[in-house]
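[1] next one to model:
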Amino acid sequence: MKKDSLKQKYLVYKVRQSKDAEAYGNLYDFYVERIYRFIFFKVNSQEIAEDLTSEVFLKTWEYINKTDKKINNLNALFYKVARNSVIDHYRSKKIESYDSDEDLMEKIEEKRNFADEVETKLEMESLQKHLTKLKDIYREVLILRFVEEFSISEIAELMEKSSGNVRVLLHRATEALKNLAGENQ
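    Okay, here's the model as predicted:
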């Protein structure tokens with residue numbers, strides 16, 4: 001991933017100066033697919049990913065318009081907001097309680113129906129299955145590096161870790177994924 005382009009910086013400037021919705025729409029068009037894909041890999045549900053993606057763009061719009069802080073890396077800002085939204089989603093999900101076993105079974109059945117509707121390639125299904133078995137931090141670092149194609153330094157900035165720590169995480173995550181893939185063959 002490259003640093004923000006001059007055009008993106010100009011669009012952020014326009015959004016800040018005049019709350020230009022059209023300028024923000026251009027930023028949205030540029031980032032929406034990548035943010036959605038990032039979230040989808042973490043929540044594995046199209047509906048939730050769509051909701052969280054909308055939430056990310058709303059929160060980012062509010063942040064850009066309410067803060068005077070300089071935004072050095074818009075890309076990192078979008079992914080940080082996305083990451084935090086996913087974390088908030090899982091926190092609220094833990095709090096959620098089910099009235100009965102029937103409610104729980106209904107939710108499980110809804111997820112199964114969704115899985116039947118989604119058409120993905122066999123490799124993607126296999127990769128996703130393996131990714132869900134990894135620790136959250138391993139899954140996140142792999143997605144950022146190999147799906148989103150972030151640099152080590154960008155991942156470090158996003159995850160608030162050192163570059164060395166990210167390299168170690170990436171190595172461990174890769175080894176864990178290899179081990180999972182080897183077990184299933």
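[2] drop to CA atoms for contacts and neighbour counts, all remaining ones
    Noted.
[3] quick one, domains of the protein?
    Residue ranges for the domains of the chain, per automatic domain parsing: 1-118, 119-185.
[4] mean pLDDT lowest for which of these?
    Lowest mean pLDDT of the domains of the chain: domain 1-118, a mean of 78.
[5] format the domains of the chain as JSON lines; extra columns: mean neighbour count.
    Shown next, in JSON lines, are those (neighbours: other CA atoms under 10 Å):
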{"stretch": "domain 1-118", "mean neighbour count": "15"}
{"stretch": "domain 119-185", "mean neighbour count": "15"}
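[6] excluding covalently adjacent residues, which one is nearest to Leu144?
    The shortest distance from Leu144 to any non-neighbouring residue, by CA to CA, 6 or more residues apart in numbering, is to Phe150 (5.6 Å).
[7] please read the previous query as pertaining to Gln46.
    Using CA to CA, 6+ apart, the closest residue to Gln46 is Phe40 (6.6 Å).
[8] mind telling me what element that neighbour is part of?
    helix 21-43 (DSSP states H and E).
[9] just to revisit the earlier point, my read: the residue nearest to Gln46 touches Leu52, true?
    No. Counting by CA atoms under 8 Å, Phe40 does not reach Leu52; the two are 9.2 Å apart.
[10] now the residue nearest to Leu144: which helix or strand?
    Counting by DSSP H and E, Phe150 is part of no helix or strand.
[11] that one contacts Glu140, doesn't it?
    No. Using CA under 8 Å, Phe150 makes no contact with Glu140, being 11.4 Å away.
[12] quick one: the helices in the protein, in order.
    Under the criterion DSSP state H, the chain contains helices at 6-18, 21-43, 46-66, 74-95, 101-117, 122-133, 136-142, 152-159, 163-183.
[13] next one: the third one to chain centre, how far?
    It refers to helix 46-66. Per CA atoms, centre = their mean, to the nearest Å, the displacement of helix 46-66 from the mean C-alpha position of its chain is 11 Å.
[14] just to revisit the earlier point, what angle do the helix holding Phe40 and helix 6-18 make?
    110 degrees (axes from the mean of the first three to the mean of the last three CA atoms, to 10 degrees).
[15] report the angle between helix 21-43 and helix 74-95.
    Using the same axes, to 10 degrees: helix 21-43 against helix 74-95 is 50 degrees.
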